[in-house]
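>>> Dropping a prediction and its sequence here:
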Amino acid sequence: MGHHGWWMLGVVPDGAAAAVGWPGRPVGAAGALAWWREHPAADRDELRVLFESWGHQEKELEEARWELLGLLEGRPERERWVCGLRKAFPFHALAFALGPDGVERLPGWAGEFVWDAGRVRERLPAVEAVLGVTGAAREAAFGRAARWLAWYGDGGGAAEVAELFEAPLRVLRAAADAGEGAMGVEMVF
């Protein structure tokens with residue numbers, strides 16, 4: 001029996017970050033990225049195990065995830081994004097595509113974050129630099145994401161791969177334009 005990995009992002013009220021009390025990056029995040037940098041030739045199964053170890057496992061965060069998702073109700077489409085994949089996690093494909101240096105510059109940890117409006121404005125340029133790659137770098141990153149989805153999911157076409165890069169930017173830009181916060185959560189069903 002399989003699973004569906006979901007990654008959901010959206011614009012949330014500026015005060016949501018303080019109200020939810022999201023923990024940020026776990027203590028082991030720096031060590032995980034250091035291991036990846038020290039093992040650039042790690043095979044895909046080693047990386048899958050690494051990526052699967054990244055998720056916030058705290059039970060109390062499950063309630064916070066649902067609370068955050070409730071804040072997306074009624075938001076216009078440009079202010080939210082939901083991606084579900086059979087047998088794969090969307091963020092893992094993006095992580096594989098970007099490598100440890102790119103992952104380090106993305107919001108939060110393993111696709112999960114809650115930022116207030118100030119943090120969105122402050123960090124948006126760094127995220128744009130990572131996800132807004134162009135030319136040969138874009139083709140290479142898209143190719144790596146597609147390979148990950150072929151290995152662990154049901155594959156992913158060009159549109160699905162492009163969404164992994166474009167949708168988070170769209171949501172963060174919408175939050176910046178509105179002067180609001182942003183969130184991302186990952187779930188499995």
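Okay, I see it.

>>> outside of the helix or strand bottoming out on mean pLDDT in the chain, which residues touch it?
Sorting the helices and strands of the chain by mean pLDDT, DSSP states H and E puts helix 16-20 at the bottom, at a mean of 82. With contact meaning Cβ atoms under 8 Å, 6 or more residues apart in numbering, helix 16-20 is reached by Ala64, Glu67, Leu68, Leu71, Val114, Trp115, Asp116, Arg119, Gly181, Met183. (Glycine included, C-beta is placed from N, CA and C.)

>>> Now intersect these with the strands, please.
Among those, the ones falling in strands (DSSP state E) are Val114, Trp115, Gly181, Met183.

>>> Most neighbours among those, which one?
Of all the ones in strands among the contacts of helix 16-20, the highest neighbour tally under other Cβ atoms under 10 Å goes to Met183, namely 29 neighbours.

>>> who's it bridged to?
Beta-bridge partners for Met183, by DSSP bridges, are Gly10, Val114.

>>> what's the most centrally placed residue in the chain in contact with, if anything?
Centroid check for the chain by Cα atoms, centre = their mean gives Gly111 as the closest residue, at 2.7 Å. Residues in contact with Gly111 (Cβ under 8 Å, 6+ apart) are Trp7, Pro90, Phe91, Leu94, Gly184, Val185, Glu186.

>>> Specify the local secondary structure of the last one.
Using DSSP: H, G, I helix; E, B strand; the rest coil, the secondary structure recorded for Glu186 is strand.

>>> quick one on the thing from earlier: could you pull out the buried residues of the least confident helix or strand of the chain?
Ala16, Ala17, Val20 (16 or more other Cβ atoms under 10 Å).

>>> still on that earlier bit, let me have the contacts of helix 16-20 in TSV, adding pLDDT and distance to Arg48 as columns.
Listed next are the contacts of helix 16-20 as TSV, based on pLDDT from 0 to 100; distance: Cβ to Cβ, whole Å:
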residue	pLDDT	distance to Arg48
Ala64	88	26
Glu67	91	29
Leu68	92	26
Leu71	93	31
Val114	94	26
Trp115	95	27
Asp116	94	33
Arg119	94	30
Gly181	96	31
Met183	96	25
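
>>> Among these, which pair sits farthest apart?
Glu67 and Arg119 (18.7 Å; Cβ to Cβ).

>>> Poorly predicted segments of this protein, please.
For the chain, the stretches flagged by pLDDT under 70 are 1, 56-57.

>>> for it, what's the longest helix?
Longest helix in the chain by number of residues, with DSSP state H as the criterion: helix 158-178.

>>> Just the angle for that helix relative to strand 181-188, thanks.
Using axes from the mean of the first three to the mean of the last three Cα atoms, to 10 degrees, the inter-axis angle of helix 158-178 relative to strand 181-188 is 150 degrees.
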